[in-house]
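sequence and predicted structure are below.
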Amino acid sequence: MRTYGDLVSEARRIVREISVDELAAKRKAGEKLVVLDVREPEEYAQARIPGAINLPRGLIEMEVGAHAVDPEALVVCNCGGGGRSALAARTLQEMGYTNVASLAGGLKAWMNRSLPLEA
């Protein structure tokens with residue numbers, strides 16, 4: 001039987017990860033991208049990357065289309081530490097999204113770099 005950790009490790013081998021510095025630079029440069037925060041609404045309400053769309057991991061398949069996410073735009077999934085976001089990014093790839101990444105270290109890494117937050 002495979003564990004959550006096994007699934008996350010497998011997803012990380014398949015999904016591109018980007019650093020918080022790379023994401024911050026892309027946002028500053030005005031690149032077309034979408035940040036999907038795949039944490040639960042309670043977590044999202046506490047603190048989030050500015051402009052991030054809350055789409056809990058368990059609802060990705062059902063609701064990503066409702067957010068009009070351009071399948072060719074860079075879609076960066078983030079969560080608290082990078083595990084759920086890797087799984088969500090893998091799911092999006094399986095759905096046909098071609099430019100997907102997971103934020104390495106998640107919101108914890110973003111906060112450790114003292115980057116802007118919304119609450």
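Sure, I can see it. Numbering: from 1, shown residues only.

helices of the chain, residue ranges please.
Secondary structure of the chain (DSSP state H): helices at 4-14, 20-28, 41-46, 60-63, 83-95, 106-112.

now these in CSV, please, with extra columns for distance to Val69 and mean pLDDT.
Using the backbone N, CA and C atoms, a C-beta is placed for each residue, glycine as well. Formatted as CSV, those follow (distance: least, CB to CB, whole Å; pLDDT from 0 to 100):
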stretch, distance to Val69, mean pLDDT
helix 4-14, 19, 91
helix 20-28, 16, 96
helix 41-46, 17, 97
helix 60-63, 10, 90
helix 83-95, 8, 95
helix 106-112, 19, 96
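
out of the ones you listed, which is the most enclosed?
helix 83-95 (a mean of 22; mean count of other CB atoms under 10 Å).

which residues are in contact with the residue positioned nearest the centre of the chain?
In the chain, the residue lying closest to the centroid (CA atoms, centre = their mean) is Cys77, at 1.0 Å. With contact set as CB atoms under 8 Å, 6 or more residues apart in numbering, Cys77 has these partners: 36, 38, 84-86, 88-89, 92, 100-103.

surely Val20 and Gly105 touch.
Yes. Between Val20 and Gly105 there is a contact at 6.6 Å, judged by CB atoms under 8 Å.

who touches both of the two?
Contacts common to Val20 and Gly105, judged by CB under 8 Å, 6+ apart, are Asn112.

ok so, going back, mind checking pLDDT for the residue nearest to the centre of the chain?
Reported pLDDT at Cys77 in the predicted model: 97.

the one 5 residues further on now?
pLDDT for Gly82: 92.

burial count for it?
The burial count assigned to Gly82 is 22, neighbours taken as other CB atoms under 10 Å.

which residue packs closest to it, ignoring adjacent ones?
Nearest residue to Gly82, sequence neighbours excluded (CB to CB, 6 or more residues apart in numbering): Gly106, at 4.4 Å.

what's the answer for Glu63, then?
Leu55 (5.9 Å).
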